[in-house]
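A.B. asks: Sequence plus predicted model, see below.
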Amino acid sequence: MPNHSKHEIPCPGPLRRAGSLLPCLLLAVPCLFGPARAADLLDLPFDDLLQVEVASAGKREARIRDIPASVTIVTREEIARYGYATLEDLLRNVPGFFILDNTEERFIGNRGTVGGGVQFLVNGIAQHPSRQKGLTVPEIARLNIPVESIDRIEVIRGPMSVIYGNNAFLGVVNIVTNALDISGSRLSVSAGSRDSGQAFARLGGRSREGFLVLNAGGWRTDGLDGAYTDMMSPAQLAALEPGMHRDLDGDLWQRRGSLDLSAGWRGLTTDLRYSDMDYGIYAFTPAFDKGNGLRLKTLHAALGYAYRFSDTLGLRLTGIHSQETYDAYRLDFLVAWLDGSQKQHSRRWELELNLHWQPLERLNALFGYRWRRLDHLDNRARARPFVVLDDATADFQQQDLFTEIDYALVERLRLVGGARLTRLPASYRFSRYKHLEQTLTETEVAVSDRNLLTGRVGALWSLDSSQVLKLIWGNAAQDVDKFRISDPERIETLELNYVRTRPTWTLSASLFENRTSNIVRTIQTLNPVTGDYVVAFDNSGRWRTQGLELIAEARPWPALNLSLSATWQRTDDLRSALEPGYSPSLLLKLKADYRRGPFTYATYAHFVDRLESDWDFVSGPVEGVVERLGESVPAYWNLGLNLRWEPASKGVFAALNVSNLLDAEIRYPASELTDFARGLIGPGRIVTATLGYAF
């Protein structure tokens, strides 16, 4: 849900400089394994796609036709054909998805709702929690995965809390980076507009007993460069301090590095992932001098063991540790002499047990238990000479019991039902030490209902081998990162999904309704005269979203692929007559590619309808009068082209990609952090050239 300014301490926003590391690219590895490849999903006739199995929907292999949700798969071959430069570019072209930018954060919208609602997995492992009490946990950290490392993406729409717990609110995105049957080792480099570029290396292989995959990548760009005269109102421009920058050019650089290792040996698996992001942001006002810099470091480590007792009974045990450091190491805003910084740290410990049981051919059951502990939740904020704070949230833990049962009632009718019980802590305890005043404040917020119950049910009717009709109901919860609010946000979804496949085309149509409650709104302000930092919360919001989604794909000739998706939705605020912000009525996605000899020609486009900003519920110009944070921003088309040369599955390949070919003006509506009245101007035309070698 909307939460566009996440700082809960005096220093708003993050900070500064470049110099993030590029992981060293390994040039050699012992030849313990031999690479393996298989046909891509895009080579399958469409009427076979319903039989494709994915694991992210229920932590077990299941055919797409048997999953109680709308499912989209993006393959390695598709990523290569369209030349997406980053994971963000890829997600912008997923049906029903859109992305908003406030320079510090990328908010992922899904079917008209934005902010924190999509659970990210990498090789089935949930990433560091995107919501934590009292802390800023930018979702952009989940997006730092080199697009070249991605073998497949599985997008499961709808509430998934039954399987993955809190925060699987609007769906799940599972990013597979270790599928050696899809692609083997390769190297690539690219360079493009705005001083952008990437370097990537992948080494891997497999044997009869196991596999090993190592991905390393680095990416950089100078980022956005809009002028404030094109984004601010006359009143905002008049209020600028002397010495403030007059545009964003040079202030929004990004430097990203990542390294991930995935390996398996018999029943053991391990996944290690390290991410380092260093980037500039806009923080409430234009910057002085060097601007604002933010560094995010994330480490994930997972160890799993799977054991099969018999053909009908199997067990999987998974342990996960992750930690994240948020370091806003330079805040250069508001007034020239203000010295600010903010640093946060958090850790997660998790143990999960999954028991799979199939006593009958028509019956599958999953039983699970999860224990999670969050600790070292600390926050240090400096805005000298006004504020020097140390905040801390006391360690807390949760326990979950969950189950899902899949039963074929008759040959063509399958029923799926599941439930999850989450035991929340009795209370959340928070402390704040103000160094200048030498005062300590301790706060405890009791949890009103410690037993959080979520569930979903579905009926899946196979009309014949090429048609399936799915009726799905489910609800989910989403943690609120504000320590003063113990109740999670909730969503309840009802969806009717129809899928029809033929050898050369496929069609998916969904009618859906989401009812969202306990929506949290936040406004944060810092008074430069008194140093008072004011945070206001409200969690009484209730929305209803109704919509229709159509996805069609066709292959009229073996060398030609066509794709179209359209999502129409309307979101109403059930508490007032105010139209919610950041909720486009229409999303369109178009794609086409044609292969001739070693060349692939591809074009793609996405359309995002007009967007409104959120409402300013606290600091309106007149008491009792509510106004939006900024003007509405117009709808836009973003058209891209990609030319790829790949004479063989192994050897040299090259690509030339142009995003936003027509240099359309893309604007993101105002938020609390980037309160540009006319909207933040997004990326213009970007040209990227790539050269690589596949082993």
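C.D. replies: Structure's in. What do you need? Numbering: from 1, shown residues only.
A.B. asks: Could you pull up the mean pLDDT of the longest strand along the chain?
C.D. replies: For the chain, the strand reaching the highest residue count under DSSP state E is reported as strand 533-557. When the per-residue pLDDT values of strand 533-557 are averaged, the result is 85.
A.B. asks: Now the element after that strand, going C-ward?
C.D. replies: Using DSSP states H and E, the helix or strand that directly follows strand 533-557 along the chain is strand 560-573.
A.B. asks: Low-confidence regions, the stretch 251-400 of the chain specifically.
C.D. replies: Per-residue confidence for the stretch 251-400 of the chain (pLDDT under 70) gives no ranges below the cut-off.
A.B. asks: Would you map the strands across it?
C.D. replies: Using DSSP state E, counting those that start in this stretch, the strands of the stretch 251-400 of the chain run over 254-265, 268-281, 292-308, 313-331, 339-360, 363-384, 387-393, 396-410.
A.B. asks: In JSON lines: those, plus mean neighbour count and distance to residue 225.
C.D. replies: For the C-beta atoms, the positions are set from N, CA and C on the backbone; glycine is no exception. What follows is the strands of the stretch 251-400 of the chain, written out as JSON lines (neighbours: other Cβ atoms under 10 Å; distance: least, Cβ to Cβ, whole Å):
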{"stretch": "strand 254-265", "mean neighbour count": "20", "distance to residue 225": "13"}
{"stretch": "strand 268-281", "mean neighbour count": "21", "distance to residue 225": "12"}
{"stretch": "strand 292-308", "mean neighbour count": "19", "distance to residue 225": "16"}
{"stretch": "strand 313-331", "mean neighbour count": "19", "distance to residue 225": "20"}
{"stretch": "strand 339-360", "mean neighbour count": "18", "distance to residue 225": "24"}
{"stretch": "strand 363-384", "mean neighbour count": "18", "distance to residue 225": "28"}
{"stretch": "strand 387-393", "mean neighbour count": "19", "distance to residue 225": "32"}
{"stretch": "strand 396-410", "mean neighbour count": "17", "distance to residue 225": "43"}
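A.B. asks: okay if I get those as a markdown table plus distance to residue 120?
C.D. replies: Shown next, in a markdown table, are the strands of the stretch 251-400 of the chain (distance: least, Cβ to Cβ, whole Å):
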| stretch | distance to residue 120 |
| --- | --- |
| strand 254-265 | 13 |
| strand 268-281 | 11 |
| strand 292-308 | 11 |
| strand 313-331 | 12 |
| strand 339-360 | 14 |
| strand 363-384 | 16 |
| strand 387-393 | 23 |
| strand 396-410 | 19 |
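A.B. asks: three-state assignment of residue 142?
C.D. replies: Reduced to three states with DSSP: H, G, I helix; E, B strand; the rest coil, the structure at residue 142 is helix.
A.B. asks: ok, it to residue 431 distance?
C.D. replies: Noted for residue 142: a distance of 29 Å to residue 431, by Cβ to Cβ, to the nearest Å.
A.B. asks: circling back: ok, and for the longest strand of the chain, which residues are buried?
C.D. replies: Along strand 533-557, the positions that meet the burial threshold by neighbour count (16 or more other Cβ atoms under 10 Å) are 533, 539, 541, 543, 545, 546, 547, 549, 551, 553, 554, 555.
A.B. asks: and if you look at stretch 656-667?
C.D. replies: Of the residues in stretch 656-667, 656, 657, 658, 659, 660, 661, 666, 667 count as buried by neighbour count, 16+ other Cβ under 10 Å.
A.B. asks: and that stretch, how far apart are its ends?
C.D. replies: Start-to-end span of stretch 656-667 (Cα to Cα, to the nearest Å) is 26 Å.
A.B. asks: Now find how far off-centre it is within its chain.
C.D. replies: Computed by Cα atoms, centre = their mean, to the nearest Å, the chain-centroid distance of stretch 656-667 equals 22 Å.
A.B. asks: where does the chain have its least confident helix or strand?
C.D. replies: Evaluated with mean pLDDT, DSSP states H and E, the helix-and-strand set of the chain has its lowest mean pLDDT in strand 53-54, which scores a mean of 66.
A.B. asks: would you turn the buried residues of strand 533-557 into JSON lines with distance to residue 587?
C.D. replies: Conversion of the buried residues of strand 533-557 to JSON lines gives the following (distance: Cβ to Cβ, whole Å):
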{"residue": "533", "distance to residue 587": "37"}
{"residue": "539", "distance to residue 587": "28"}
{"residue": "541", "distance to residue 587": "23"}
{"residue": "543", "distance to residue 587": "18"}
{"residue": "545", "distance to residue 587": "13"}
{"residue": "546", "distance to residue 587": "15"}
{"residue": "547", "distance to residue 587": "10"}
{"residue": "549", "distance to residue 587": "9"}
{"residue": "551", "distance to residue 587": "11"}
{"residue": "553", "distance to residue 587": "17"}
{"residue": "554", "distance to residue 587": "20"}
{"residue": "555", "distance to residue 587": "23"}
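A.B. asks: how much space between the residue lying closest to residue 364 once chain neighbours are set aside and residue 416?
C.D. replies: Excluding the flanking residues, the one nearest residue 364 by Cβ to Cβ, 6 or more residues apart in numbering is residue 406, at 4.3 Å. In this structure, residue 406 and residue 416 are 5 Å apart, going by Cβ to Cβ.
A.B. asks: Find the residues that touch each one of the two.
C.D. replies: Common neighbours of residue 406 and residue 416 (criterion: Cβ atoms under 8 Å, 6 or more residues apart in numbering): residue 66.
A.B. asks: how close does the residue nearest to residue 439 when sequence neighbours are not counted sit to residue 600?
C.D. replies: The spatially closest residue to residue 439, leaving aside those adjacent along the chain, is residue 433, at 7.3 Å (Cβ to Cβ, 6+ apart). Look at residue 433 and residue 600: by Cβ to Cβ, they are 59 Å apart.
A.B. asks: what is the mean pLDDT for the one helix or strand the residue nearest to residue 439 maps to?
C.D. replies: Here residue 433 sits within strand 427-434, counting by DSSP H and E. Confidence for strand 427-434, expressed as mean pLDDT, is 94.
A.B. asks: can you list contacts of that strand?
C.D. replies: By Cβ under 8 Å, 6+ apart, the surrounding residues in contact with strand 427-434 are 133-134, 387-394, 396, 439-447, 483, 486.
A.B. asks: partners of it in the sheet?
C.D. replies: Sheet pairing for strand 427-434, assigned by DSSP bridges, gives strand 387-393 (antiparallel), strand 439-446 (antiparallel).
A.B. asks: need the ones you listed in JSON lines with distance to residue 650, can you?
C.D. replies: Listed next are these as JSON lines, based on distance: least, Cβ to Cβ, whole Å:
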{"stretch": "strand 387-393", "distance to residue 650": "51"}
{"stretch": "strand 439-446", "distance to residue 650": "58"}
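A.B. asks: out of the ones you listed, which comes closest to residue 189?
C.D. replies: When the strands paired with strand 427-434 are compared for distance to residue 189 using Cβ to Cβ, the nearest one is strand 387-393, at 42.5 Å.
A.B. asks: All set now, cheers.
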